[in-house]
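**Q** Please work out how this folds:
(chains A and B)
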Amino acid sequence: MTIILLIEQVLNGLQFGVMLFLMAAGLTLVFGVMGLINLAHGSLYMVGAFAAAAVAGATGSFLLAMAAALGAAAIAGVIVEMLVIRRLYDRDHLDQVLATFALILIFSEGTRWIFGSFPLYLNIPPYLSGPITLPGDIQYPLYRLVIIGVGLLVAAGLFLLISRTRLGIRIRAGESDREMIAALGVNISVLYTIVFALGAALAGLAGALVGAIQSVQVGMGEPVLILAFVVIVIGGIGSITGALVGSLLVGLTDTLGRTLLPVLFGTFMEASAATTVGAAIASMLIYILMAVVLIFRPTGLYGAR
Amino acid sequence: MMRREQILNGAVLLGLIAVPLWAWSSGEPFIITLATKVAVLGLAGVGLNIALGTGGLVSLGHAAFFGIGGYAMGILASHAQQYVPLFEWPLLVEGTKSMPVIWLVAIVFSGLAALLIGALSLRTSGVYFIMITLAFAQMLYYFAISWPAYGGEDGMAIYVRNSFPGLNTLDPIQFFAITFVILCMTLWFNARLVRSPFGTALAAARQNAERVEAVGIDPYKLRLAAFVISGMITGLAGALFADLNRFVSPTMFGWHLSGELIVFVILGGTGRLLGPVVGAAIFITLEHVLGGISEYWQIFLGVLLLGVVLVARGGVIAVIAGKGVAHD
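**A** I've put the predicted structure just below:
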């Protein structure tokens, strides 16, 4: 295990974490403001990736593809919010789980119907592909650095939006007292639609960005959705800061665990057994992290109550 | 209203016997297999219903127990089929092909897992609880995938169904009879449990935990006990499901399964004794009928579910037998 490899893995972990943040931010906002648990958030991630792959296939432009991902996911978000989600705000969590589970079935099978079962591919454009040499002679793929950069920019933008703009004030007010801001003349249902669309757009962007590294296929959103749940449970539901810290923690723990644990077990075990045991434990590491956080902080690191 | 629900319950159970008997007499083993699937998945739902319906604990991770039950069967039977003991130290443990032993192991281990998962998850409530139970099931899912000794991602096949003394389990109708009797015994147990002081206190803790605490009962312990019982039943169902398919794979731990179990409970009616069985019957019939019409049948399922949540609240039993829940 060299230092260079370790730095590479840290960067991979950051990239993974930043991508998780794009997912978790929307989930945590929607839960914080509307009190809604949305299992279909992973479907919006998938919508973004498919929109990007389709537009990139038709036009060849990567930037247009990203714009399409943002737009398609936001539009899908608005439609879903107005048709279904809106009716769930004052229901209990069980109804929300069930209805959004139903939405996953509709989205997944609908996408399979339109695009077929075979994965699509979204290519990294030439100006973003290839490795780049970092200080210390470390070769690292440029595209992954771009993802880290985009993610950090979005995070900064989101913090500014929430802390500095009128919309952000309303979002924060909606989190603490929704009756009051409705009474003060804010159109609460428009605000809810905007927040949902914002979360959807971020999920769509994440899907499109990752779609260029992995394949674009039906069901791609679900593993990410569950990781995003782990993130917001660790960070504390409703907290954007918590989502950021949680994402980076989960991203780094998962990536480093997968590289380091087999090596660590190799110091006192036979090599093949160490690989097996290390990989098996590494796959559970973030859930163990979550359990540990919950033992000490049942409402997450930045949770309100 | 209560009487109507009881009549309906009787009709459902009669129907669940009548359909496979008819299929048996007219030589349709596939229909018997479908009925067995209804009984087994209904049983898993009955387990979840104790936590979800009576206890109000929305667990999105019951696939964990279903999978543990399945792997209990898979591990024991695979060792027996290869004549390799599980452990030789500190004491010799051999695999087995005997169903009752497998069931016992499945129940004990899923109960232990439920104790551990429940003890941690029940420290939280609401959305946290939903997500944490989901996360624990995912943890086991990834563990099953990355642990190569028992098939890893591919799962493992058990070539001959396990045995039950005095019966030929390879005969579909006899295996159905086993699952049906277990389902009925569990339903009887469930009905007793709901009416017992424990069940009453559990339902009370769902409705108003502060009041239950005020009379000196700890809601945490009540819920943990309910969660463990619930996990044990779902684990038993997992062992039976594995025997039905003669195949175990990590998808038994998958979160779609947890979601489907919730769907069974809600589709039939939360907290209703036979709700999960009705829900499983509807789900599997739809899967069979719609699946024959369109490859994309899950779209219709999704629309139907949305309809149930948004319009027909209370599930199918509530629509037929009236809104009042018997034990509320």
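**Q** can you give me the helices in chain A?
**A** Secondary structure of chain A by DSSP state H: the helices cover A:3-34, A:41-59, A:62-83, A:93-115, A:142-164, A:166-176, A:178-183, A:188-211, A:221-235, A:240-266, A:271-296.
**Q** Redo those as TSV? Include mean pLDDT, mean neighbour count and distance to B:Phe66.
**A** Any C-beta I mention is one placed from the backbone N, CA and C, and that applies to glycine too. Below are these laid out as TSV (pLDDT from 0 to 100; neighbours: other C-beta atoms under 10 Å in any protein chain shown; distance: least, C-beta to C-beta, whole Å):
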stretch	mean pLDDT	mean neighbour count	distance to B:Phe66
helix A:3-34	90	23	26
helix A:41-59	93	26	22
helix A:62-83	94	20	30
helix A:93-115	91	21	17
helix A:142-164	91	16	36
helix A:166-176	84	16	37
helix A:178-183	82	14	38
helix A:188-211	92	25	29
helix A:221-235	90	26	17
helix A:240-266	90	21	25
helix A:271-296	84	18	18
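**Q** Straight-line length of stretch A:266-275, end to end?
**A** 7 Å (C-alpha to C-alpha, to the nearest Å).
**Q** Quick one: residues contacting B:Leu257.
**A** Contacts here follow C-beta atoms under 8 Å, 6 or more residues apart in numbering or on different chains; on that basis B:Leu257 touches B:His62, B:Ala63, B:Phe66, B:Gly67, B:Thr251.
**Q** and the second one, what pLDDT?
**A** According to the predicted model, the pLDDT of B:Ala63 comes to 96.
**Q** neighbours of it, just the number please.
**A** 32 (other C-beta atoms under 10 Å in any protein chain shown).
**Q** Quick check: it vs A:Pro125, distance?
**A** Distance, B:Ala63 to A:Pro125, using C-beta to C-beta, to the nearest Å: 40 Å.
**Q** And for B:Ser163, the neighbour number?
**A** B:Ser163: 16 neighbours (other C-beta under 10 Å).
**Q** What's the local residue count around B:Glu210?
**A** 8.
**Q** List the contacts of it.
**A** So B:Glu210 contacts nothing (C-beta under 8 Å, 6+ apart).
**Q** Run the chain-centre distance for the helix or strand containing it.
**A** For B:Glu210, the host element (DSSP states H and E) is helix B:209-214. Once both centres are worked out by C-alpha atoms, centre = their mean, to the nearest Å, helix B:209-214 turns out to sit 30 Å from its chain's centre.
**Q** Give me the buried positions along that helix.
**A** B:Ala209, B:Val212 (16 or more other C-beta atoms under 10 Å in any protein chain shown).
**Q** what's the average pLDDT for it?
**A** The model assigns helix B:209-214 a mean pLDDT of 90.
**Q** just to revisit the earlier point, export the helices of chain A to CSV and tack on distance to chain B?
**A** Formatted as CSV, the helices of chain A follow (distance: least, C-beta to the nearest C-beta, whole Å):
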stretch, distance to chain B
helix A:3-34, 6
helix A:41-59, 11
helix A:62-83, 9
helix A:93-115, 4
helix A:142-164, 21
helix A:166-176, 14
helix A:178-183, 17
helix A:188-211, 15
helix A:221-235, 4
helix A:240-266, 10
helix A:271-296, 4
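**Q** Looking at those helices, spot the one closest to B:Gln81.
**A** Closest of those to B:Gln81 is helix A:271-296, at 22.6 Å (criterion: C-beta to C-beta).
**Q** other SSEs contacting the closest one?
**A** helix A:221-235, helix A:240-266, helix B:99-121, helix B:126-146 (3 or more C-beta pairs under 8 Å, 6 or more residues apart in numbering or on different chains; DSSP states H and E).
**Q** With distance to A:Ala182 added, can I get these in a markdown table?
**A** Shown next, in a markdown table, are those (distance: least, C-beta to C-beta, whole Å):
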| stretch | distance to A:Ala182 |
| --- | --- |
| helix A:221-235 | 26 |
| helix A:240-266 | 23 |
| helix B:99-121 | 34 |
| helix B:126-146 | 23 |
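**Q** Tabulate the CA atom coordinates of stretch B:202-217 in PDB.
**A** Output in PDB follows, covering the C-alpha atoms of stretch B:202-217 (Å, rounded to 0.1, in the frame of the first residue of the first chain):
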ATOM      1  CA  LEU B 202     -48.600  -3.200  22.500                       C
ATOM      2  CA  ALA B 203     -51.600  -1.700  20.600                       C
ATOM      3  CA  ALA B 204     -51.900   0.900  23.400                       C
ATOM      4  CA  ALA B 205     -48.300   1.800  23.000                       C
ATOM      5  CA  ARG B 206     -48.900   2.400  19.300                       C
ATOM      6  CA  GLN B 207     -51.800   4.700  20.100                       C
ATOM      7  CA  ASN B 208     -50.300   6.600  23.000                       C
ATOM      8  CA  ALA B 209     -46.900   5.600  24.300                       C
ATOM      9  CA  GLU B 210     -47.000   8.200  27.100                       C
ATOM     10  CA  ARG B 211     -50.100   6.800  28.700                       C
ATOM     11  CA  VAL B 212     -48.600   3.300  28.600                       C
ATOM     12  CA  GLU B 213     -45.500   4.500  30.200                       C
ATOM     13  CA  ALA B 214     -47.600   6.300  32.800                       C
ATOM     14  CA  VAL B 215     -49.200   3.000  33.900                       C
ATOM     15  CA  GLY B 216     -45.700   1.600  34.400                       C
ATOM     16  CA  ILE B 217     -45.100  -0.400  31.300                       C
END
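**Q** How far does that stretch sit from its chain's centre?
**A** The answer for stretch B:202-217 is 27 Å, by C-alpha atoms, centre = their mean.
**Q** what do you get for stretch A:161-174?
**A** Chain-centre distance of stretch A:161-174: 21 Å, with C-alpha atoms, centre = their mean.
**Q** Contacts for it next, please.
**A** Stretch A:161-174 is contacted by residues A:29, A:33-34, A:160, A:180-181, A:186, A:188, A:191-192, A:194-195, A:240 when judged by C-beta under 8 Å, 6+ apart.
**Q** ok so, going back, show me which of the contacts of B:Leu257 is closest to B:Leu222.
**A** Of all the contacts of B:Leu257, B:Leu222 sits closest to B:His62, with 18.5 Å by C-beta to C-beta.
**Q** I'd say that closest one and B:Leu134 touch.
**A** No - the criterion here is C-beta atoms under 8 Å, and B:His62 misses it with B:Leu134 at 9.9 Å.
**Q** Overlap of the contact sets of those two?
**A** With C-beta under 8 Å, 6+ apart as the test, B:His62 and B:Leu134 both reach B:Ser258.
**Q** Comparing these two, which shows the higher neighbour count?
**A** B:His62 (35 against 27).
**Q** tell me the contacts of the more buried one?
**A** B:Ala44, B:Gly47, B:Leu48, B:Ala51, B:Thr133, B:Ala137, B:Ser230, B:Gly231, B:Thr234, B:Leu257, B:Ser258, B:Leu261.
**Q** would you say the first one is within a strand?
**A** No - B:Ala44 is assigned helix when assessed by DSSP: H, G, I helix; E, B strand; the rest coil, not a strand.
**Q** how many neighbours does the spatially closest residue to it that is not a sequence neighbour have?
**A** Counting by C-beta to C-beta, 6 or more residues apart in numbering or on different chains, B:Ala44 lies nearest to B:Ala237, which is 3.6 Å off, once chain neighbours are set aside. By other C-beta under 10 Å, 32 other residues sit near B:Ala237.
**Q** Sweet, I'm off.
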